[in-house]
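[1] 3D, please:
(one chain, ligands or ions: 1)
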Amino acid sequence: MPPLPLLFQPLSVRGVTFPNRVVISPMCQYSATDGFANEWHFSHLSTYARGRAGCIFFEASAVKEYGRITHGDLGIWSDAHGEAMQPIVEFIKSHGCIAALQLAHAGRKASMQRPWFGNGALNDEDVQRGDRPWPISAPTDEPLDDGWLKPSAMSATDIADVVDSFAAAAVRAEAAGFDVVEIHGAHGYLIQTFLSPLSNTRGDAYGGDRKGRMRVALEVTEAVRAVWPEEKPLFFRVSSVDGLEGGWELDDSVALAQELKFRGVDVIDCSSGGNTPKGATNASIGRGLGFQVPFAARMRKETGLLSQAVGLILDGPQAEEILQAGDADLIAIGREALYDPFWALHQAQEMGIDDAFSLWPEQYGWWLERRSHGLRKILDTPH
Ligand SMILES: Cc1cc2nc3c(=O)[nH]c(=O)nc-3n(C[C@H](O)[C@H](O)[C@H](O)COP(=O)(O)O)c2cc1C
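    The predicted model follows:
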């Protein structure tokens, strides 16, 4: 028997064992009302449990009401929000998968249109629909661009309040049963805008040199780690590079990752871009297959952190190559999972490791194995 591909081997991090290396990347559905998970979220996320992804991320969930990107974002700013997520978490875990939550604050990219209404600043049409803008906050009062809301520059007290909100959200995540939380430090949202010299021009202890600009990210991490159970993994998603002239660079991310490791982060989740009005993850960098893998590889190699690769990873063999090369420990898929929610199971078929459909839920696998035998006989019979 050839060895099981790494993609389908378990991975233990602290006290949590991921059944395989397939992670469903956090993906906003813009479908919540008042931040609460509903039937859409249940249906969307539970499908990935039936599809046997090792770890299933809930979308960016706002730690404060005003930290949502849009009116449709999930939130976890009250206990009731966590309670609404709990049945989904239980379903995911009942299928042997790991339930993960991304904790987020949108900063100056808060109060936006849902993508299908324009993906820009809220306008009169949105207000007529009931989506009213709200006051937003950021490192400085510089808006994302002309025509975008002007944020208020956060005071040290505002920052402390947000740090506390991340910790309170982690406590709620634990109560809801999540086994992983991730701090969203990417894509032009609050934490990344503090990291990047392009969006953080503050003159106080939260700005200036890289140490000052990293301070919010590190304070949030310390606060979350202090309340997040010792036996549960903590992820941090970074925009590895801004992909903009004069912006945050890969060397900066390596330095940040090192500091995060000292503070108890286990996995660095390596995305990029987004610190622009042009899109959630826009960056002026080439976008080929696996274009962000080199970021995950370098951070893993230089810090000893586990890394998660994401971005244009399309199939099992590509994922396996990344894992075998030692470039990453976990493989996150986003849009491929929208296209094929049973991606993990289909890749296991394609890679020839599950002829008996034994990885599938028994409600499906029992039938599919018999169907497969039957089909083989039919197709092998000469006509
Ligand atoms: C619909 C959608 C929503 C997304 N929402 C989030 C999010 O909530 N948090 C986040 O960090 N990234 C978000 N992303 C980015 C994905 O997690 C992922 O990094 C990106 O899609 C690249 O991976 P892919 O090429 O496999 O799609 C989103 C992407 C999509 C397509």
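
[2] contacts for whichever helix or strand residue 41 is part of?
    Using DSSP states H and E, residue 41 sits in helix 39-50. With contacts defined as C-beta atoms under 8 Å, 6 or more residues apart in numbering, helix 39-50 is touched by 24, 29, 31-32, 56, 58, 74, 85, 87-88, 91-92, 94-95, 97, 337, 341-342, 361, 364. Where C-beta positions appear, they are placed from N, C-alpha and C, glycine not excepted.

[3] need the contact list for the residue of the stretch 51-200 of the chain found nearest the ligand.
    Closest residue of the stretch 51-200 of the chain to the ligand, C-beta to the nearest ligand atom: residue 60 (3.3 Å). By C-beta under 8 Å, 6+ apart, the contact set of residue 60 is 26, 28, 69, 73-74, 102, 104, 106, 184, 189.

[4] rerun that using 10 Å as the cut-off
    Going by C-beta atoms under 10 Å, 6 or more residues apart in numbering, residue 60 touches 26-28, 67-69, 73-75, 101-106, 182, 184, 186-187, 189, 237, 280.

[5] The residue lying closest to it once chain neighbours are set aside: what's it in contact with?
    Computed as C-beta to C-beta, 6 or more residues apart in numbering, the closest residue to residue 60 that is not its neighbour in sequence is residue 104, at 3.7 Å. Taking C-beta under 10 Å, 6+ apart, we find residue 104 in contact with 26, 28, 59-64, 67-69, 73-76, 110, 166, 169, 182-187, 189-191, 237.

[6] neighbours of residue 203, just the number please.
    For residue 203, the number of neighbouring residues by other C-beta atoms under 10 Å comes to 9.

[7] just residue 39 next, same as before
    8.

[8] Please report how far it lies from the ligand.
    As judged by C-beta to the nearest ligand atom, to the nearest Å, residue 39 and the ligand stand 18 Å apart.

[9] mind listing the helices in the stretch 1-150 of the chain by residue range?
    39-50, 79-94, 124-129 (DSSP state H, counting those that start in this stretch).

[10] got TSV for these, with mean pLDDT too?
    Output for the helices of the stretch 1-150 of the chain, formatted as TSV (pLDDT from 0 to 100):
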stretch	mean pLDDT
helix 39-50	98
helix 79-94	98
helix 124-129	94
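
[11] Once you drop chain neighbours, what's closest to whichever residue of the stretch 201-350 of the chain sits closest to the ligand?
    The stretch 201-350 of the chain approaches the ligand most closely through residue 334 (2.7 Å), counting by C-beta to the nearest ligand atom. In this structure, residue 334 finds its nearest non-sequential neighbour in residue 25, 4.1 Å apart by C-beta to C-beta, 6+ apart.

[12] OK, contacts around the residue of the stretch 201-350 of the chain closest to the ligand?
    Residue 334 neighbours (C-beta under 10 Å, 6+ apart): 23-27, 57, 271, 281, 310-313.

[13] can you rerun that using 8 Å?
    24-25, 27, 310-311.

[14] Return only those of those residues found close to the ligand.
    Contacts with the ligand within the contacts of residue 334, as defined by C-beta under 6 Å from any ligand atom: 25, 27, 310-311.

[15] Quickly check the residues you listed for the two that are furthest apart.
    Using C-beta to C-beta, those span at most 13.0 Å, a distance reached by 27 and 311.

[16] Which residues of this structure lie near the ligand?
    So the chain meets the ligand at 25-28, 59-60, 102, 184, 186-187, 237, 271, 281, 310-313, 333-336 (C-beta under 6 Å from any ligand atom).

[17] what's around residue 330, how many residues?
    Residues within reach of residue 330, counting by other C-beta under 10 Å, total 26.

[18] Apart from its chain neighbours, what residue comes closest to it?
    Residue 330 sits nearest to residue 308 (C-beta to C-beta, 6+ apart), 4.2 Å away.

[19] and if you look at residue 210?
    residue 252 (5.9 Å).

[20] ok, and that neighbour, which helix or strand is that part of?
    helix 250-262.

[21] Also residue 358?
    Under the assignment here (DSSP H and E), residue 358 is part of no helix and no strand.

[22] For it, which non-adjacent residue is spatially closest?
    Using C-beta to C-beta, 6+ apart, the closest residue to residue 358 is residue 365 (6.3 Å).

[23] same check, this time on residue 167
    Residue 167's closest residue in space is residue 223 (C-beta to C-beta, 6+ apart), at 4.0 Å.

[24] any idea how far the host helix or strand of the one you found is from the chain center?
    Taking DSSP H and E as the definition, residue 223 sits inside helix 210-227. Offset of helix 210-227 from its chain centre (C-alpha atoms, centre = their mean, to the nearest Å): 18 Å.

[25] quick one on the thing from earlier: look up phi and psi at the residue nearest to residue 330.
    phi -120, psi 120 (degrees, to the nearest 10).

[26] residues in contact with it?
    Per C-beta under 8 Å, 6+ apart, neighbours of residue 308: 23, 235, 267-270, 296, 328-332.
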